[in-house]
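Asks: predicted model and sequence follow; I will ask about them next.
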Amino acid sequence: MRYCWNPEVECMDREQLEKLQYERLMTTLKNVYEHVPLYRDRMKEQGVEPGDIRSVHDLAKLPFTTKTDLRDTYPYGMFCRPMDDIVRIHASSGTTGKQTVVGYTEHDLAVWAEVAARALYSAGCTKRSVVQVCYGYGLFTGGLGAHAGAERIGAAVIPASTGNTQRQITMLRDFGTNIICGTPSYMLYIAETMEEMGIDKSELSLVGGVFGAEPWTAGMRQEIESRLGLRSVDIYGLSEIIGPGVSFECELQCGLHINEDHFLPEIIDPQTGEVLPEGSLGELVFTCITKEGLPLIRYRTRDITRIWYDKCECGRTLARMDKVSGRSDDMLIIRGVNVFPSQVESVLLDMGKTAPHYVLIVDRQGTLDTLEVQVELTDELFSDAVRGLESLETEIHNRLLSVLGISAKVKLVEPKSIARSEGKAKRVIDRRNLK
Ligand code: DLL
């Protein structure tokens, strides 16, 4: 095992881990029962008290919490500690409603740095590394989360944030950056800008990347790794639970290890709320067992994945989850068929004939939903004969039909005509909601 930051916990025997989890869970439950009215009321309604929880397998007796609860108690109603103890506040962007506010105590920030450090270390970050953090700094947790992880390891951190992409590249080269952190879509934008500036990856010192905050496929990984000349790990998280570092890949890239000594995972049926057996695809739910400021219990993430518990070849015993292919909220229902934007990405990148930039436009004609997939051409293809392009459109159409099960209009568009992203990419324009 080359890169394991905290082997004592990351490779802990399961029996011992469950004992630790149970102790921590009980402390947290007593805390929220005492200090957060919403939990006390809801647990009473459900006829359950912290004392009824006899093991970590009893979690299902407890009520769920959702983003709506955070909104209804906006801004601080679910905090479990007085403001005296809160030392940091972050918030979600709130594009679909009131923003959700999260608070951290000093202890919470230390936990966050620890779990983020595990992810960075697994990507090859050491105290000798130079780390460029290209996630946004601010209310978004990406920048400061990755920053804290790198600092915890003792690396030299460049708090680059997003934007000013040419300067980012100059820094990558001149500052000898070894590890880069950012969203996969921003990494693609950086790779493209680098090529435009005539800078080759061989001029850089990159070895590892820590990418997340949005879904990205295996094809996208290959594209980024080969264009930037590094090996990447996927990092997952959400502000409500802590930020980046809830789970992360090891160097074997075979599922994301969940930091289970801090966050207990479950997979439920999103319709019925029933807990599903190991390996089933469903909605991911987390219970925080060490957080002080905002310890959420059975928080429904809306993210769809599966979990399994066998030991990884890397030596870690922490449960693993699949890459998140999308949120249930991102799932489009087009003419009754469920479509995830990541399925389209897989098809396009597997074919490898176009640029890796695309957008889905969903609309409605009369009562019929329509899907148009706009895909960017590469410079070479753009100069091709029209007939070649027509047959490429047909080929993409047919592949999409066989994978999605619906017919989509494919439109090849000019190179660089689809908006680039520095943060989370916007892959879907749904015009149906406007009508
Ligand atoms: O995106 C935290 C983060 C920052 C994670 C940097 C990783 C790196 P939020 O803005 O609250 O927090 O958004 C959380 O983003 O519920 C997922 O739907 C999605 N998401 C986060 N990481 C991944 C990932 C941050 N690796 C929401 N793969 C989550 C797929 C991800 N989706």
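Replies: Right, received. Where do you want to start?
Asks: which stretches of the stretch 251-400 of the chain form strands?
Replies: Secondary structure of the stretch 251-400 of the chain (DSSP state E, counting those that start in this stretch): strands at 256-258, 263-268, 282-288, 299-305, 307-308, 320-321, 332-334, 337-339, 358-365, 368-376.
Asks: and the spatially closest residue to Lys409 that is not a sequence neighbour, what is it in contact with?
Replies: Excluding its sequence neighbours, the residue lying closest to Lys409 (CB to CB, 6 or more residues apart in numbering) is Glu372, at 4.5 Å. To be clear about C-beta, it is placed using only N, CA and C from the backbone, and glycine gets the same treatment. Contacts for Glu372 were tallied using CB atoms under 8 Å, 6 or more residues apart in numbering; they are Leu360, Ile361, Val362, Asp363, Ala408, Lys409, Val410, Lys411.
Asks: for the ligand, see how far away Glu372 is.
Replies: Note on Glu372: its distance to the ligand, by CB to the nearest ligand atom, to the nearest Å, is 24 Å.
Asks: that older thread, can you put the strands of the stretch 251-400 of the chain in TSV and add mean pLDDT?
Replies: Below are these laid out as TSV (pLDDT from 0 to 100):
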stretch	mean pLDDT
strand 256-258	98
strand 263-268	98
strand 282-288	98
strand 299-305	97
strand 307-308	98
strand 320-321	98
strand 332-334	93
strand 337-339	92
strand 358-365	96
strand 368-376	96
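Asks: in what element of secondary structure is the residue nearest to Trp5 when sequence neighbours are not counted found?
Replies: In this structure, Trp5 finds its nearest non-sequential neighbour in Tyr121, 3.8 Å apart by CB to CB, 6+ apart. For Tyr121, the element it lies in under DSSP states H and E is helix 106-122.
Asks: now that helix against strand 263-268, angle please.
Replies: If you take axes from the mean of the first three to the mean of the last three CA atoms, to 10 degrees, helix 106-122 sits at 80 degrees to strand 263-268.
Asks: need the residues of the stretch 51-200 of the chain near the ligand, please.
Replies: Counting by CB under 6 Å from any ligand atom, the residues of the stretch 51-200 of the chain lying close to the ligand are Ser92, Tyr135, Phe140, Thr141, Gly142, Gly145.
Asks: nearest to Cys288, out of these: which one, please.
Replies: The shortest approach to Cys288 among those belongs to Thr141, at 14.3 Å (CB to CB).
Asks: count the residues that sit near the closest one.
Replies: 30 (other CB atoms under 10 Å).
Asks: tell me which residues touch the closest residue to it other than its chain neighbours, please.
Replies: Among residues not flanking Thr141 along the chain, Gly243 sits closest, at 3.0 Å (CB to CB, 6+ apart). Contacts for Gly243 (CB under 8 Å, 6+ apart) come out as His90, Trp112, Ala116, Thr141, Gly142, Leu144, Gly145, Gly237.
Asks: what do you get for Cys314?
Replies: Residues near Cys314 by CB under 8 Å, 6+ apart: Met1, Cys4, Cys250, Glu251, Leu252.
Asks: now swap in Gly209 and tell me
Replies: Gly209 is in contact with 123, 179-182, 187, 224-225, 228, 230-233, counting by CB under 8 Å, 6+ apart.
Asks: per-residue confidence at it?
Replies: At Gly209, the model reports a pLDDT of 98.
Asks: tell me if the helix or strand containing it is near the ligand.
Replies: Take DSSP H and E as the rule and Gly209 turns out to sit in strand 208-212. Yes: counting by CB under 6 Å from any ligand atom, the ligand is contacted by strand 208-212 at Gly212.
Asks: next one: whatever helix or strand comes next after that strand, is it in contact with the ligand?
Replies: With elements assigned by DSSP H and E, the helix or strand that comes after strand 208-212 is helix 218-228. No: Helix 218-228 stays clear of the ligand (CB under 6 Å from any ligand atom), getting no nearer than 10.8 Å.
Asks: neighbours around the closest residue to Gly154 other than its chain neighbours, how many?
Replies: Of all residues not flanking Gly154 in the chain, Lys127 sits nearest, at 3.6 Å (CB to CB, 6+ apart). By the measure other CB under 10 Å, the count of residues near Lys127 is 9.
Asks: need the contact list for Phe248.
Replies: For Phe248, counting by CB under 8 Å, 6+ apart, the contacting residues are Arg118, Ala119, Ser122, Val210, Val233, Asp234, Ile235, Tyr236, Leu256, His257, Asn259.
Asks: tell me the angle the longest helix belonging to the chain makes with strand 282-288.
Replies: In terms of residue count, the longest helix belonging to the chain (DSSP state H) is helix 14-35. Angle, helix 14-35 to strand 282-288, by the same axes, to 10 degrees: 70 degrees.
Asks: could you list the buried residues of helix 14-35?
Replies: Across helix 14-35, burial judged by 16 or more other CB atoms under 10 Å covers 17-18, 20-22, 24-26, 28-29, 31-33.
Asks: what about the stretch 1-150 of the chain, any weak spots by pLDDT?
Replies: For the stretch 1-150 of the chain, applying pLDDT under 70 flags the ranges 1, 94-96.
Asks: which residue, other than its chain neighbours, is closest to the residue of the stretch 201-350 of the chain found nearest the ligand?
Replies: Nearest residue of the stretch 201-350 of the chain to the ligand, counting by CB to the nearest ligand atom: Gly212, 3.2 Å away. Of all residues not flanking Gly212 in the chain, Ile235 sits nearest, at 3.9 Å (CB to CB, 6+ apart).
Asks: contact partners for the nearest residue to Ser185 once chain neighbours are set aside?
Replies: Spatial nearest neighbour of Ser185, chain neighbours left out: Ala425 (3.7 Å); criterion: CB to CB, 6+ apart. Contacts for Ala425 (CB under 8 Å, 6+ apart) come out as Thr183, Ser185, Glu214.
Asks: mind checking the SS state of Ala425?
Replies: Judged by DSSP: H, G, I helix; E, B strand; the rest coil, the three-state class of Ala425 is coil.
Asks: my read is that Met321 contacts Ile258, right?
Replies: Yes: here Met321 reaches Ile258: they are 5.9 Å apart, a contact under CB atoms under 8 Å.
Asks: shared neighbours of these two, anything?
Replies: By the contact definition CB under 8 Å, 6+ apart, Met321 and Ile258 are jointly contacted by Ser247, Pro265, Ile307.
Asks: wait, doesn't the second one sit right on Ala319?
Replies: Yes: Pro265 is in contact with Ala319 according to CB under 8 Å; the separation is 6.2 Å.
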